[in-house]
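Visitor: Here is a sequence with its predicted model. Questions after.
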Amino acid sequence: MVRVGILGASGYGGAELLRLLKRHPGVELVGFSSRKHEGRPLSSAWPQLWDERPFVAQEEVLERADVLFLALPNGLAMGITPEALRAGKRVIDLSGDYRLPPEVYEAWYGIRHQSPELFREAVYGLPELHREELREARLVANPGCYVTAATLALAPLAAEGVLRRAFVVGLSGVSGAGREGEGTFFAEVNENLKPYKVGGTHRHIPEMEANLGRLLAQGRRVRTHGPRREVRLSFTPHLVPMTRGILVTAEAEVEGTWSQEALDALYRDFYLGEPFVRVLGGLPETKGTYGANRVDLKPLYEERTGRVLVFAALDNLVKGMAGQAVQNLNLMLGLPEDTALPKEGVWP
């Protein structure tokens, strides 16, 4: 039984981690922290969970756990991770702190990196592309929801070497902004749909481009920090008045002559055997993945323009965050990858 702990357990990602890890047969949840709720019972922050254990100090979780989940705001994990690794812990970071080269991170996040030397050790936590490296990882950089959806939507085209450029439109539920996200009050989001961080300013753009560039350069068997062919990607996110869920529409310019049959075959072959990717015959929708650690994909060949449209749906708090982190944990521990992870959604 592996002892696990969560730092930042009062956020949405932390709550989903709690829900999944409490029923995980291979781990013991030995502590969870929240500076805001320290000393108060878990149910005070999350009445959905039947658990009166208290939130404890961050230092107490660090001492007790063998594996740490860092569900913290950007900029905080980089100050904690070096100490945790020196103490022999393994770390799964849900923030953006180790996903990008330090100089790129600083340019896009506006935060000075405190432990840049650890970037090359960090394994990018997208199991469909980095499964083997994750088995030996001490530090995992867990990708977020938009990046997971966009990368998996376009990965087969990039790995085939036919992706020229892509235009990605993303729509996200309000929980993607976090529990204290600015501009997410009910009066502001209800019956409203709005774009945000447009014009190439969203900080997930370089992450998407790096993922697809590695695939273009090396094919499917990628290494986390291998050489890359440059990819230029346009990304426009929108905030949707729903609690959770991501829907991405990626419009790709591709090389060569394609048909719907060839496109379907490419995607089904690329994701053959993947436990948490489903290639559909019809179009995906967010309700289909609600509560599930799964991505639903549908490629569509637009014969009139010769372009490829790919639709992807996932639950931003499960496959887009906490569920993917547990999937990475399972790989790190040598457990079946789907342990404690729901493949099927719920109908609330």
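Guide: Cool, the structure landed.

Visitor: Let me know the pLDDT of Ala177.
Guide: At Ala177, the predicted lDDT confidence score is 69.

Visitor: Where do the helices of the stretch 151-300 of the chain begin and end?
Guide: For the stretch 151-300 of the chain, applying DSSP state H, counting those that start in this stretch gives helices covering 186-189, 205-218, 260-270.

Visitor: list the buried ones in the shortest one?
Guide: Looking back up the chat, that one is helix 186-189. Val189 (16 or more other C-beta atoms under 10 Å). For glycine as for every other residue, the C-beta is placed from the backbone atoms N, C-alpha and C.

Visitor: can you dump the C-alpha coordinates of it into PDB?
Guide: Extracted in PDB, the C-alpha atoms of helix 186-189 (Å, rounded to 0.1, in the frame of the first residue of the first chain):
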ATOM      1  CA  PHE A 186     -23.100  33.200 -11.500                       C
ATOM      2  CA  ALA A 187     -24.400  36.600 -12.600                       C
ATOM      3  CA  GLU A 188     -21.500  36.900 -15.100                       C
ATOM      4  CA  VAL A 189     -21.500  33.400 -16.700                       C
END
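
Visitor: Average pLDDT for that helix, rounded please.
Guide: On average, helix 186-189 scores 80.

Visitor: tell me what that helix is packed against?
Guide: Here helix 186-189 touches no other helix or strand, going by 3 or more C-beta pairs under 8 Å, 6 or more residues apart in numbering; DSSP states H and E.

Visitor: and it, how far from the chain's centre?
Guide: Distance of helix 186-189 from its chain centroid, counting by C-alpha atoms, centre = their mean, to the nearest Å, is 26 Å.

Visitor: low-confidence ranges in the stretch 151-300 of the chain?
Guide: Along the stretch 151-300 of the chain, the parts satisfying pLDDT under 70 run over 177, 179-183, 219-229.

Visitor: and the closest residue to Leu152 other than its chain neighbours, bridged to which residues?
Guide: Sequence neighbours aside, Val295 is the residue nearest to Leu152 in space, at 5.3 Å (criterion: C-beta to C-beta, 6 or more residues apart in numbering). Per DSSP bridges, residues listed as beta-bridge partners of Val295: Val277, Leu314.

Visitor: Relative to Ser175, which of the helices of the stretch 151-300 of the chain is closest?
Guide: helix 186-189 (11.0 Å; C-beta to C-beta).

Visitor: Next up, the contacts around the most centrally placed residue in the chain.
Guide: Centrality entry for the chain: nearest residue to the mean C-alpha point is Gly144, 2.9 Å, by C-alpha atoms, centre = their mean. Gly144 sits next to 94, 96, 204, 320-321 when contact means C-beta atoms under 8 Å, 6 or more residues apart in numbering.

Visitor: Show me what counts as buried in stretch 57-73.
Guide: Buried, per 16+ other C-beta under 10 Å, within stretch 57-73: 58, 60-62, 64-72.

Visitor: so how far does that stretch reach from one end to the other?
Guide: 17 Å (C-alpha to C-alpha, to the nearest Å).

Visitor: and if you look at stretch 185-203?
Guide: End to end - C-alpha to C-alpha - stretch 185-203 spans 23 Å.

Visitor: and if you look at stretch 291-308?
Guide: Taking C-alpha to C-alpha as the criterion, the two ends of stretch 291-308 lie 29 Å apart.

Visitor: give me the number of residues near the nearest residue to Asn190 once chain neighbours are set aside?
Guide: Sequence neighbours aside, Pro241 is the residue nearest to Asn190 in space, at 5.4 Å (criterion: C-beta to C-beta, 6+ apart). Applying other C-beta atoms under 10 Å, we find 15 residues neighbouring Pro241.

Visitor: from memory Pro241 sits against Glu191, does it?
Guide: Yes: shown here, Pro241 and Glu191 form a contact pair, counting by C-beta atoms under 8 Å, at 6.3 Å.

Visitor: how close does the residue nearest to Leu152 sit to Phe185?
Guide: 30 Å (C-beta to C-beta, to the nearest Å).

Visitor: So for these two, which residue has more residues nearby?
Guide: Val295 (28 against 10).

Visitor: list the contacts for that one?
Guide: Val295 touches 148-149, 152, 276-278, 289, 312-314, 319, counting by C-beta under 8 Å, 6+ apart.

Visitor: Separate out the buried members of these.
Guide: 148-149, 152, 276-278, 289, 312-314, 319.

Visitor: okay, the residues you listed in TSV with distance to Leu18 next?
Guide: Output for the buried ones among the contacts of Val295, formatted as TSV (distance: C-beta to C-beta, whole Å):
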residue	distance to Leu18
Thr148	21
Ala149	24
Leu152	26
Phe276	20
Val277	25
Arg278	26
Thr289	20
Ala312	27
Ala313	24
Leu314	20
Lys319	17
